[in-house]
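J.: fold the following and give me the result.
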Amino acid sequence: MNRFYLYLLVLVVLSCAESDEPTEVISTDISVTSSTNSITWTDDTGLLQQLDNALSYNFGGALESETEKQQVFNPDSTEVTASIKFSAGFENVYNDTNPFNNSVTISLIREVPAPQGVELKADGSGNTYELITSVLAPGANPIETPDCNHASFGRHIDEIFDNDLNTNVFRFFMHTTPDDDRCINFDRQRNEIKTYDQSPDNLKGVQNETVVYKWKFKLPSGFQLSPNFTHLHQLKSVGGDLASMPMYTLTARKSSPDRFELRYAETNSQITLTQTPIAPFLDTWVEVTETISYGTNGTYAIEIKSISDGSVLLEYSNNSIINWRPNADFVRPKWGIYRSLINSQYLRDEEVLFADFSIMEL
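T.: I've put the predicted structure just below:
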């Protein structure tokens with residue numbers, strides 16, 4: 001054989017022999033530990049930050065880049081397992097001398113914050129308009145009163161102490177004359193408070209949101225009604241072609257017997273969802289809880305009960321009802337006295353009490 005080729009063959013054999021020699025494995029210990037067995041959390045960002053603070057990793061003789069860290073959450077997020085292992089390509093470079101400390105499990109306790117509501121409570125200070133404004137629309141004007149044409153009377157909403165509730169309450173005045181609707185309409189009278197476009201966002205009902213409205217009110221003994229409307233509460237859309245028609249209305253009406261009605265309008269005409277004689281409402285404090293999910297497939301429920309004995313005076317619920325109008329921007333609540341003067345001979349001066357308004361987004 002040619003000497004050159006013999007020499008080349010020897011080199012190839014020696015090279016193969018060298019590549020077959022086993023690589024030396026490095027023995028080391030990688031591990032993960034936690035400073036706590038459980039974490040209480042409210043949101044994803046806070047949870048990940050707490051995990052980062054609680055977990056400590058030991059890379060032994062390896063580089064961090066040669067390892068892989070993992071956090072695996074169980075389906076209901078009540079536990080997380082944090083682990084460490086060698087990255088692909090380094091499993092044969094290192095020998096983990098203690099694989100039993102390569103993972104740790106932490107219990108996760110989800111803390112759901114209680115819904116935050118906005119409350120409007122009378123405080124007896126005498127600055128009633130200022131108090132209402134500070135809650136319902138700071139810096140704006142959420143009050144619609146007949147003051148402009150009846151300035152001699154003064155403010156048509158004030159605060160008094162109520163012995164039955166043992167707290168301060170709001171008193172809404174309405175006079176058959178000369179009160180009107182803000183010097184705009186003279187066939188009706190309005191003394192209401194509201195949320196509107198100048199109110200904070202959390203006081204506006206928007207699509208796919210559930211809101212609970214609560215309040216108390218007391219109608220006086222002998223409360224007089226006309227065959228037309230005497231509204232005490234409305235939920236009204238803002239924006240779109242149907243904004244002028246309230247979506248839901250609580251109204252009192254002269255009848256035989258006089259009645260208290262819950263009215264609803266899907267579009268531009270109203271229907272009565274339920275009604276009941278008004279007599280049990282007179283001269284007694286009642287509490288209203290109204291829960292609405294806004295949407296084209298919404299839900300609605302209302303309960304009005306007597307505070308003195310807990311009896312339910314009116315209730316209604318519907319788990320599939322249209323609670324959103326086309327092109328609406330939001331829905332706003334209104335409370336107070338809004339009544340027709342078309343048959344004013346049936347009416348008298350009134351004082352209606354309200355207390356403890358609450359708006360809570362769920």
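
J.: number of nearby residues for L120?
T.: 20 (other C-beta atoms under 10 Å). The C-beta positions use only the backbone N, C-alpha and C, and glycine is treated the same way.

J.: could you pull out the buried residues of stretch 225-237?
T.: Within stretch 225-237, the residues scored as buried using 16 or more other C-beta atoms under 10 Å are L225, S226, N228, F229, T230, H231, L232, H233, Q234, L235, K236, S237.

J.: taking the residues you listed one by one, which sit in strands?
T.: T230, H231, L232, H233, Q234, L235, K236, S237 (DSSP state E).

J.: so what pairs up with the nearest residue to the third one once chain neighbours are set aside in the strands?
T.: Counting by C-beta to C-beta, 6 or more residues apart in numbering, L250 is the residue found nearest to L232 once chain neighbours are left out, at 5.0 Å. According to DSSP bridges, the partner residues bridging L250 are H233, L262.

J.: L250 reaches E261, doesn't it?
T.: Yes: L250 is within contact range of E261, at 7.4 Å (criterion: C-beta atoms under 8 Å).

J.: other SSEs contacting the helix or strand L51 falls within?
T.: Secondary structure from DSSP states H and E places L51 in helix 44-54. Contact here means 3 or more C-beta pairs under 8 Å, 6 or more residues apart in numbering; DSSP states H and E; on that basis helix 44-54 packs against strand 38-41, strand 103-110.

J.: got the CA positions of stretch 60-79 in CSV?
T.: What follows is stretch 60-79, C-alpha atoms only, in CSV (Å, rounded to 0.1, in the frame of the first residue of the first chain):
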residue,chain,number,x,y,z
GLY,A,60,-25.3,24.7,41.2
GLY,A,61,-22.3,24.4,39.0
ALA,A,62,-24.4,25.1,35.9
LEU,A,63,-25.1,28.4,34.2
GLU,A,64,-28.6,29.8,34.5
SER,A,65,-28.8,29.8,30.7
GLU,A,66,-28.2,26.0,30.8
THR,A,67,-31.3,25.4,32.8
GLU,A,68,-35.0,25.8,32.2
LYS,A,69,-37.6,27.1,34.7
GLN,A,70,-41.3,26.4,34.5
GLN,A,71,-44.5,27.4,36.4
VAL,A,72,-47.5,25.1,35.8
PHE,A,73,-50.9,26.1,37.1
ASN,A,74,-53.6,23.5,37.7
PRO,A,75,-56.9,24.1,35.8
ASP,A,76,-58.7,26.0,38.6
SER,A,77,-55.6,28.1,39.6
THR,A,78,-55.6,26.9,43.2
GLU,A,79,-52.0,25.5,42.9
